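Peer 1: Build me a model:
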Amino acid sequence: MPLNLHLLRLFTTVAQSGSFSKAAEILLLSQPSISKGVRDFELQLGCRLLDRSPRGVKPTREGQALMRHAEALFAAERSAEEELRALRGLDSGLLRIGASTTIATYLIPDVLGAFHAAHPGIDLHLVSANTRDIADLMLRHEIEIALVEGPVDDDNLASEPWQTDVMELIVSPHHPFASAESPIDPKLINNEILVIREPGSGSREVVAQALAAHGIEPSRTLEIGSTEAIKNTVAATLGVSIVSRSATQDQLALGRLKTVPMKDLHIERTLWKLKAVGQITMPAAIAFERLLQK
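Peer 2: Purely as a prediction, here's the structure:
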């Protein structure tokens, strides 16, 4: 029996939102009609798709398997709709961009401005998250542009180098490192609180690998989920950090931070563009990528 796509959409929305009431709000339908539709769908398929409890609903093993196909199917539907709109030119449409936090905050705002000036009819939607989350969004075809700070090992994603980024050690001007007249021994970091990003961050992975290669394993770390918060924490003398040079210019100019060179340790990383294998590149995405190369 062919899948009923209307019922598939009802089930997928319930599973993604975690409740029938939220799905009703999203789909602008009544909750009883959605509940009945999902029950009918389960009867048609001959298996239970959702585990129901007072705390909400979760997909069963069969439901999870169906969701993977449903997400790909509805992503293809969105892609087809957007391609048809895009074929009418760059006068209207939507471009969804996903970027790792540092890239979204410091490296592409000028590109976003230039794109809007050139194509004001295209609505831009920017998602800022860590590298792994952006990769997952691209895999689900929920974004057309993906820019990340660390390599992603996934056979379903193609990675292309975009830019080289320099990472620098930052400290408060009141920190002892700030008065050093020559590059410090990086092993001194072992005695400091190293302020780092959360797991899944490309910045964290690059820094951890570079330090480990030099035998540096700080005894104390502090995890913080944004570069801005890290800078403010370091400026308040609570530890040191290694962040992108592009992220530090404002606080360096204000005198709230200072960069400290490290002896025989220079950290660079490649920033990457990701593409889902087989994804069609829309005209708006092509135009945006051209601006990224300037």
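Peer 1: can you pull out the helices in the chain?
Peer 2: In the chain, the helices defined using DSSP state H lie at 5-17, 20-27, 31-45, 61-86, 101-102, 109-118, 131-139, 202-213, 227-235, 249-253, 283-292.
Peer 1: Who are the packing partners of the second one?
Peer 2: It stands for helix 20-27. Counting contacts by 3 or more CB pairs under 8 Å, 6 or more residues apart in numbering; DSSP states H and E, helix 20-27 is packed against helix 5-17, helix 31-45. (Glycine included, C-beta is placed from N, CA and C.)
Peer 1: could you give the angle of the first one to helix 20-27?
Peer 2: The reference is to helix 5-17. Here the directions of helix 5-17 and helix 20-27 differ by 120 degrees (axes from the mean of the first three to the mean of the last three CA atoms, to 10 degrees).
Peer 1: Show me which residues of helix 5-17 are buried.
Peer 2: Buried residues in helix 5-17, counting neighbours by 16 or more other CB atoms under 10 Å, are found at 7, 8, 9, 10, 11, 12, 13, 14, 15, 17.
Peer 1: In TSV: these, plus distance to residue 179 and pLDDT.
Peer 2: Shown next, in TSV, are the buried residues of helix 5-17 (distance: CB to CB, whole Å; pLDDT from 0 to 100):
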residue	distance to residue 179	pLDDT
7	69	91
8	65	91
9	63	91
10	65	92
11	63	92
12	59	92
13	59	93
14	60	93
15	57	92
17	55	91
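Peer 1: possible to save the residues you listed as TSV with distance to residue 284?
Peer 2: Shown next, in TSV, are these (distance: CB to CB, whole Å):
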residue	distance to residue 284
7	33
8	28
9	26
10	31
11	31
12	26
13	27
14	32
15	30
17	28
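Peer 1: follow-up on the earlier one: least reliable of the helices of the chain going by mean pLDDT?
Peer 2: Among the helices of the chain, helix 61-86 carries the lowest mean pLDDT, a mean of 82.
Peer 1: Now do the strands in the stretch 151-294 of the chain.
Peer 2: Assigned by DSSP state E, counting those that start in this stretch, the stretch 151-294 of the chain shows strands spanning 157-171, 193-196, 220-223, 240-244, 258-260, 267-276.
Peer 1: Using TSV, please lay out the helices and strands packed on helix 20-27 together with distance to residue 94.
Peer 2: Shown next, in TSV, are the helices and strands packed on helix 20-27 (distance: least, CB to CB, whole Å):
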stretch	distance to residue 94
helix 5-17	20
helix 31-45	26
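Peer 1: So which of these is nearest residue 265?
Peer 2: helix 5-17 (44.5 Å; CB to CB).
Peer 1: now the closest one, how far from the centre of its chain.
Peer 2: How far helix 5-17 lies from its chain's middle: 25 Å, per CA atoms, centre = their mean, to the nearest Å.
Peer 1: tell me the angle that helix makes with helix 61-86.
Peer 2: Angle, helix 5-17 to helix 61-86, by the same axes, to 10 degrees: 110 degrees.
Peer 1: who's in contact with helix 5-17?
Peer 2: Residues from elsewhere that reach helix 5-17 (CB atoms under 8 Å, 6 or more residues apart in numbering): 20, 23, 26-27, 29, 34, 37-38, 40-41, 44, 49-50, 57-59, 63, 66-67, 70-71, 73-74.
Peer 1: go again using 7 Å as the cut-off
Peer 2: Applying CB atoms under 7 Å, 6 or more residues apart in numbering, the contact partners of helix 5-17 are 20, 23, 26-27, 34, 37-38, 40-41, 49-50, 57, 59, 63, 67, 70, 74.
Peer 1: List the contacts of the closest residue to residue 257 other than its chain neighbours.
Peer 2: Take residue 257 and drop its neighbours on the chain: the residue closest to it by CB to CB, 6 or more residues apart in numbering is residue 251, 4.2 Å away. Contacts for residue 251 (CB under 7 Å, 6+ apart) come out as 231, 235, 257.
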